[in-house]
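K.L.:
Output the structure for:
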Amino acid sequence: MNHGTSGPPSPVTLDDVRGAQKMLSGVARITPMEGSRHLSRLAGVPVHLKCENLQRTGSFKLRGAYVRIAGLLPEERAAGVVAASAGNHAQGVALAASLLGVHATVFMPKGAPLPKIGATRDYGAEVRLHGQVVDETLAAAQEYADRTGAVFIHPFDHPDIIAGQGTVGLEILEQCPEVGTVVVGVGGGGLAAGIAVAVKSLRPDVRIVGVQAEGSAAYPPSLASGRPVVIDRPTTMADGIRVGRPGDVPFGIVRDLVDEVCTVGEDELSAALLLCLERAKLVVEPAGVAPVAALLGGRCTVRGPAVAVLSGGNVDPVLLQRVLRHGMAAQGRYLAVRLRLTDRPGALATLLGVVSAADANVLDVSHARTDPRLGLTEAEVELHLETKGPDHCAEVVRALREAGHTVLD
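P.N.:
Coordinates of the predicted model:
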């Protein structure tokens, strides 16, 4: 859907983005762009990966945070800054404030991953844990700002933040001048808005496509109604784009300049993360692979060459383990199967022999004998297997049944 350019003048201009680029010189990295033959073959158009997962702090958030804090008046800097975030914005604000000699207080949820809490502290911020969800953390940060006079640094709803994120768009045009489509993940909309301003100002023919997680897709209903609307309890593994309401400032820009906003499911995010790890050798967080998921799933209209913005790489190792297993299951490379068998010596060994003969790799075995649902001479076994794809999964199940085992749904 093309939303046209009929709205009011943009609060962020190309000159703002170019000014931000000068400000960020020597601060933010010019992140690499990598071609992907495998993804290009799957997507049907040449695909390049803009690797903001290799940015300082592991995401694009440093760009906007630095521009915002650098633009503060001396008396505002003296009062310090405060932010609320579960991860990437926290680290971006922490490093930006440290580089500029400004005291930063960052509120994070109590359940935030320990590596992200540790990294935020290491970048120089004072971390305060408050609340179980980001909304509670955000309220605490705003109360702190009201009480102390510290400047609240919003993760996406400010022109300076958007201008800083827009520098990604300038780099894309420099690194891939022939680009036909830019695909970018969307949460609150700051990154998509900034890229859209930069790219559309210089190359209005380039398509800009935003991607949201299905369980946190606030932009489609907001665009349909012409104003930001709230979705209750946004849910997705992609915490970097788990936002329940578009920002007021980026919304207008996205409405006017972004050509299409599509959504992807959790299985698609998992499969995309696995592909980036295996084929591109890049560790990318679930939010960062949303553009890849959209390209793989044919969820958007693309004119090649396409650039997929990998917005971040800060993924908790525990979550990464779960997502990888989920991605393998979505691709038919992981099979969980429950069986009933006679509880006698050698029965489990015989079962595993069938699995081995079917060329599946056993990852985990759970063996229950005392469940009240079981008969006196029965046992239940749950196997977690590594397989070679959907056809191989079917072969393994067929081999188990042919060997006389009862496979439970």
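K.L.:
use CA for all of it now, contacts and neighbours both
P.N.:
Fine.
K.L.:
gap between the worst-scoring helix or strand of the chain on mean pLDDT and the chain center?
P.N.:
Across the helices and strands of the chain, mean confidence by mean pLDDT, DSSP states H and E is lowest for helix 317-330: a mean of 76. Distance of helix 317-330 from the chain centroid (Cα atoms, centre = their mean, to the nearest Å) equals 14 Å.
K.L.:
same question, stretch 30-46
P.N.:
18 Å.
K.L.:
Ok, stretch 304-312 next?
P.N.:
Counting by Cα atoms, centre = their mean, stretch 304-312 comes out at 13 Å from the chain centroid.
K.L.:
who's in contact with it?
P.N.:
Where contact means Cα atoms under 8 Å, 6 or more residues apart in numbering, the residues beyond stretch 304-312 that reach it are 45-55, 58-60, 88, 172, 178-185, 284-285, 287-289, 291-292.
K.L.:
Gly288 against Gly185, yeah?
P.N.:
Yes - using Cα atoms under 8 Å, Gly288 makes contact with Gly185 at a distance of 6.8 Å.
K.L.:
Show me which of those two is the more surrounded one.
P.N.:
Between Gly288 and Gly185, counted using other Cα atoms under 10 Å, the more crowded position is Gly288 (32 against 29).
K.L.:
Backbone torsions only: list them for the residue nearest to the spatial centre of the chain.
P.N.:
Most central in the chain under Cα atoms, centre = their mean is Ala287, positioned 0.7 Å from the mean C-alpha point. Ala287 adopts backbone torsions of phi -60, psi -30, taken as degrees, to the nearest 10.
K.L.:
How about it: what's its closest non-neighbour residue?
P.N.:
Once flanking residues are discounted, Ala287 sits nearest to Ala238: 4.4 Å by Cα to Cα, 6 or more residues apart in numbering.
K.L.:
Can you give me the neighbour number for that neighbour?
P.N.:
There are 23 residues near Ala238, going by other Cα under 10 Å.
K.L.:
ditto for the one 10 residues further on
P.N.:
As a burial measure, Asp248 scores 15 neighbours (other Cα under 10 Å).
K.L.:
what's the nearest residue to it if we skip its chain neighbours?
P.N.:
Asp157 (6.4 Å).
K.L.:
just to revisit the earlier point, test my guess that the residue nearest to Ala287 contacts Ala293.
P.N.:
No - counting by Cα under 8 Å, Ala238 sits too far from Ala293 to count as a contact (11.9 Å).
K.L.:
related to what we said a few turns ago, give me every residue that touches the residue nearest to Ala287.
P.N.:
For Ala238, counting by Cα under 8 Å, 6+ apart, the contacting residues are Ala213, Glu285, Pro286, Ala287.
K.L.:
Parallel or antiparallel, which strands does whichever strand or helix holds Cys262 pair with?
P.N.:
Under the criterion of DSSP states H and E, Cys262 resides in strand 260-264. Here strand 260-264 is paired, per DSSP bridges, with strand 207-213 (parallel).
K.L.:
what's downstream of the strand it pairs with, the next helix or strand?
P.N.:
helix 219-225.
K.L.:
Contacts only, for Arg279.
P.N.:
So Arg279 contacts His38 (Cα under 8 Å, 6+ apart).
K.L.:
Leaving out chain neighbours, which residue sits closest to His384?
P.N.:
Closest to His384 by Cα to Cα, 6+ apart is Ala336, at 4.5 Å.
K.L.:
Assign the one you found to helix, strand or coil.
P.N.:
strand (DSSP: H, G, I helix; E, B strand; the rest coil).
K.L.:
buried sites along the longest helix along the chain?
P.N.:
When the chain is parsed with DSSP state H, its longest helix is helix 159-175. The neighbour-count check on helix 159-175 (16 or more other Cα atoms under 10 Å) flags 159-173, 175 as buried.
K.L.:
try stretch 35-46
P.N.:
Buried residues in stretch 35-46 (16+ other Cα under 10 Å): Ser36, Leu39, Ser40, Ala43, Gly44, Val45, Pro46.
K.L.:
which other residues reach that stretch?
P.N.:
So stretch 35-46 is contacted by 47-49, 279-280, 295-296, 298, 302-306 (Cα under 8 Å, 6+ apart).
K.L.:
Can you list the buried residues in the host helix or strand of Pro115?
P.N.:
Following DSSP H and E, one finds Pro115 within helix 114-122. Across helix 114-122, burial judged by 16+ other Cα under 10 Å covers Lys116, Ile117, Ala119, Thr120, Arg121.
K.L.:
on that earlier part again, write a ChimeraX command that selects only the buried members of the contacts of stretch 35-46.
P.N.:
Buried residues within the contacts of stretch 35-46, by 16+ other Cα under 10 Å, are selected in ChimeraX with:
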select :47,48,49,280,295,296,302,304,305,306
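K.L.:
Could you work out the most separated pair of the contacts of stretch 35-46?
P.N.:
The span of the contacts of stretch 35-46, defined through Cα to Cα, is set by Arg279 and Arg303 at 22.9 Å.
K.L.:
Contact partners for Gln142?
P.N.:
Phe152.
K.L.:
Using TSV, please lay out the contacts of stretch 35-46 together with secondary structure and distance to Gly313.
P.N.:
Converted to TSV, the contacts of stretch 35-46 look like this (DSSP: H, G, I helix; E, B strand; the rest coil; distance: Cα to Cα, whole Å):
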residue	secondary structure	distance to Gly313
Val47	strand	19
His48	strand	17
Leu49	strand	13
Arg279	helix	16
Ala280	coil	13
Leu295	helix	19
Leu296	helix	19
Gly298	coil	23
Val302	coil	24
Arg303	coil	26
Gly304	coil	25
Pro305	coil	23
Ala306	strand	20
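K.L.:
which of the contacts of stretch 35-46 lies closest to Val209?
P.N.:
Val302 (8.4 Å).
K.L.:
Let me know how buried the nearest residue to the closest one once chain neighbours are set aside is, in neighbour terms.
P.N.:
With Cα to Cα, 6+ apart as the criterion, Val302 has its nearest non-adjacent residue at 6.0 Å, and that residue is Thr181. As a burial measure, Thr181 scores 21 neighbours (other Cα under 10 Å).
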